[in-house]
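**Q** give me the fold of what follows.
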Amino acid sequence: MITAAPSLRVGGIEFDLLAEQVGSTPFFAYDRAQLTERIALLRATMPADLQLSYAIKANPMTAVVEHLARLVDSLDVASAEEMRIALNTPTPASRVSFAGPGKVPAELTRAVAAGVTIEMESETEARRVAEIGERLGIRPRAAVRVNPDFKIKGSGMRMGGGPQQFGVDAEVVPALLRELARADIDFQGFHIFGGSQNLNAEVLCEAQRRTVDLALRLAADAPAPIRYLNIGGGFGIPYFEKDEPLDLATIGVNLKSLLRDVVRPAVGEEPRVVIELGRYIVGEAGYYVTRVVDRKVSRGKTFLVVDGGMHHQLAASGNFGQVIRRNYPVSVVPRSDTGGSETVSVVGCLCTPLDLLADGATLPTAEIGDLVVVHQAGAYGLTASPTAFLSHPAPVEVLV
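**A** Modelled structure (predicted):
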């Protein structure tokens, strides 16, 4: 439920005091301890021989990535800039994977030269990787990203099954593998991922079983033994009032069984089996803090106008994949607790009706100068938002 929270803290610091330290609003704050606790939870629940990869696209803030790099086994990137951030951490280049469609030759060249694992998304990309390796005199490390021949129900964004810009269609992969056998590429294995933001543990377990089955079938045509198997992630976090947290224990049991009874008997102990997570690691550890700059009543409806908005936190506005708009969790941090509450809409400072952070929310009575905090803001926040829209200043990000 959406409530007042004058004592809410992040990193042990009250939001109003942190706002004074930062010096301005709006800003993003990420909780270092929450990040560490989330990795510890995953380590305790997942199989010991399953490796954790952090998908930097969820939150590429340098301090966040550097902190997580010391806790996870590998990093996944989706651009040359994310690759630069990853390679500036203690993570070895061999433990950095580079995914995403449309990698241009310059990006691929940097990746081959650095020695990262390129997850090839098409036949064209595979040929480019081979050509670059030959030109540089380097044997590129590469895996094939597979577009699976099944769909995953209940994902916030479907990224596998059916026609996709992501990966090579499963039925085409054997032919590509035969082509790779003639190329001078250090073939590592497969990346198979079907969809993100899923809160149904049983659906995810079934997807993992089908993913492993597909990978083992494809391994029969591989030009070399499988040394890397990225089975994706897709773990969701609760954003809305009726969302139930993901049953992580059920997923852990399923993965333990899969690795023990299916993967290891088929391909042995050598392959690094990786689960790649972004939102699940950072999403709940982030907060977007903005300040009320105006209160207005228009024909009986009360608006709290804040100094932030969708240009920083597009997802909370409902314009980042929501079919039916629902409110993220929002709190008010009032300077004085009046004990009253009201139904309001929290709107940003942009000249568009899309700039809506909470609609018809029941919140404690807020005054000009009070803070409004949007929760679950650690993933796909600032860098997934139209920051240049209307040319407002960028917010500060802090890890506390």
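
**Q** now for V168: which residues touch it?
**A** Listed by CB atoms under 8 Å, 6 or more residues apart in numbering, the contact set of V168 reads 120-123, 144-147, 176. Every C-beta, even on glycine, is put in place using the N, C-alpha and C of the backbone.

**Q** please redo it, this time with the cut-off set to 6 Å
**A** Taking CB atoms under 6 Å, 6 or more residues apart in numbering, we find V168 in contact with 144, 176.

**Q** dihedrals phi and psi, it?
**A** phi -100, psi 130 (degrees, to the nearest 10).

**Q** okay, and the beta partners of it?
**A** V146 (DSSP bridges).

**Q** check the gap between it and G232 for me.
**A** Shown here: V168 relative to G232, a distance of 15 Å by CB to CB, to the nearest Å.

**Q** how about V305?
**A** 41 Å.

**Q** which of these two has more neighbours?
**A** Ranked by neighbour count (other CB atoms under 10 Å), V305 and G232 place G232 first, with 26 against 17.

**Q** excluding sequence neighbours, find me the nearest residue to V172.
**A** Using CB to CB, 6 or more residues apart in numbering and skipping residues adjacent in sequence, the residue nearest V172 is E123, 7.7 Å away.

**Q** and the one you found, how close does it get to V398?
**A** In terms of CB to CB, E123 sits 44 Å off from V398.

**Q** surely L399 touches E66?
**A** No. Contact between L399 and E66 fails when scored by CB atoms under 6 Å: they sit 9.0 Å apart.

**Q** more neighbours, the two?
**A** Taking other CB under 10 Å, L399 and E66 do not tie; L399 has more neighbours (19 against 16).

**Q** quick check: the more buried one vs A29, distance?
**A** The value you get for L399 to A29, if CB to CB is used, is 8 Å.

**Q** list the buried ones in stretch 356-367?
**A** Residues of stretch 356-367 classed as buried by neighbour count (16 or more other CB atoms under 10 Å): 356-358, 361, 363-366.

**Q** reformat those residues as TSV; add distance to H392, pLDDT and secondary structure.
**A** Output for the buried residues of stretch 356-367, formatted as TSV (distance: CB to CB, whole Å; pLDDT from 0 to 100; DSSP: H, G, I helix; E, B strand; the rest coil):
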residue	distance to H392	pLDDT	secondary structure
L356	16	97	strand
L357	14	97	strand
A358	19	96	strand
A361	23	95	strand
L363	24	94	strand
P364	27	92	strand
T365	27	94	coil
A366	21	95	coil
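
**Q** quick one: stretch 22-37 to chain centroid distance?
**A** Distance of stretch 22-37 from the chain centroid (CA atoms, centre = their mean, to the nearest Å) equals 17 Å.

**Q** that'll do, ta.
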